[in-house]
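Colleague: This is a predicted model, with the sequence first.
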Amino acid sequence: MNRFTGTGVALVTPFSPDGEIDGLSLRRLVNSVIAGGVDYLVALGTTSESATLSAKEREEVVRIILEENNGRLPVMVGFGGNNTRELLETIRNFPYLRECSAILSVVPYYSKPTQEGLYRHFMHIGENAPLPVFLYNVPGRTAVNMEADTVVRLAKDCSNIIGLKEAAGSLGQATDIIRAVPAHFTVVSGDDGLTLPLMAIGAQGVIAVVANACPREFSELVRLAAGGDFKSATAIHHRLAPLYKALFAEGNPAGVKAALHIRGIIASTALRLPLVPASDALYAHLKECLRLGNPL
């Protein structure tokens, strides 16, 4: 259960200019973040543009990540949806699940379930999934906030639900969760810029976007905070703060793909519609942010 503390990285899916999966760039990215010191990999999260990938492409992305990782780090894989029965079948039938270590499952989107609906949805997934489950609360994308009481209830009622990626943006809600969940339950930040304050109140790490482009610096921040050296962690946090903001200025993953292209890790900034690549102005700004916060 403690395999998912520290720095997890929500890997992007590099595309060629014609929109196909760029496997070579993805392999370079996997090796870059591992060399940079991250603690685990997250495949098929929001940052991967999983909503625009076909079922076969999602399998291909996970296959490439697992091959290149070659057992070096734990791999968490994202599965989400607002059809509980279909979601569970998708999880059960995924061909590479045995090689993964956990599932990251986002709050159901669009249908706006009640808290009781969220509880029943995740209990059904948790009780029947073949791997441990991390919850993902991101109301800015799903239109529903999973409240602290619901998270705590799930953490206590289902032993296979082992953690939460919390991205509600509320330190008060995060405090209510952290102080009430069982000791085995792991809470991590889902917001790069709030990682340090969340760790100060008891979060055990982050699933990060910025760690794609700055794995060494951001992993060091998380390690320092975990060790109680908040003074040194804060210095890194302030140095990277302009980058946090820039990466999301035109949506995710446009910013981080531009940063990865600047660093020479991926060959193209291409995204799939309805998302579009970063503007020239943002690209130039990211170059400056990387120069100041993470010298090339």
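Modeller: Nice, I can see it.
Colleague: so how far is the helix or strand of the chain with the lowest mean pLDDT from its chain's centroid?
Modeller: The helix or strand of the chain with the poorest confidence is helix 280-293; it has a mean of 90 (mean pLDDT, DSSP states H and E). Distance of helix 280-293 from its chain centroid, counting by C-alpha atoms, centre = their mean, to the nearest Å, is 23 Å.
Colleague: Same check on stretch 256-270?
Modeller: So, by C-alpha atoms, centre = their mean, the centroid of stretch 256-270 is 18 Å from its chain's centroid.
Colleague: same question, stretch 233-242
Modeller: 20 Å.
Colleague: neighbouring contacts of that stretch?
Modeller: 193, 195-196, 199, 210, 214, 217-218, 220-222, 224-225, 289, 292-294 (C-beta atoms under 8 Å, 6 or more residues apart in numbering). Just so you know, the C-beta spots here come from the backbone N, C-alpha and C atoms, and that holds for glycine as well.
Colleague: The same query, at a cut-off of 6 Å, please.
Modeller: With contact meaning C-beta atoms under 6 Å, 6 or more residues apart in numbering, stretch 233-242 is reached by 196, 221, 224-225, 289, 293.
Colleague: do stretch 31-46 as well
Modeller: Applying C-beta under 6 Å, 6+ apart, the external contacts of stretch 31-46 come out as 4, 6-11, 50, 58, 62, 65, 72-78, 207, 211, 215-216, 219, 265.
Colleague: Just the buried residues from these, in PyMOL please.
Modeller: Per 16 or more other C-beta atoms under 10 Å, the buried members of those correspond to this PyMOL selection:
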select buried, resi 4+6+7+8+9+10+11+50+58+62+65+73+74+75+76+77+78+207+211+215+219+265
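Colleague: Counting only helices, which of the contacts of stretch 31-46 make the cut?
Modeller: With DSSP state H as the criterion, helices contain 58, 62, 65, 215-216, 219 from among the contacts of stretch 31-46.
Colleague: L271: which of these is nearest?
Modeller: Comparing those against L271 with C-beta to C-beta places R58 closest, at 16.4 Å.
Colleague: Name all residues that make contact with that closest one.
Modeller: Listed by C-beta under 6 Å, 6+ apart, the contact partners of R58 are L44.
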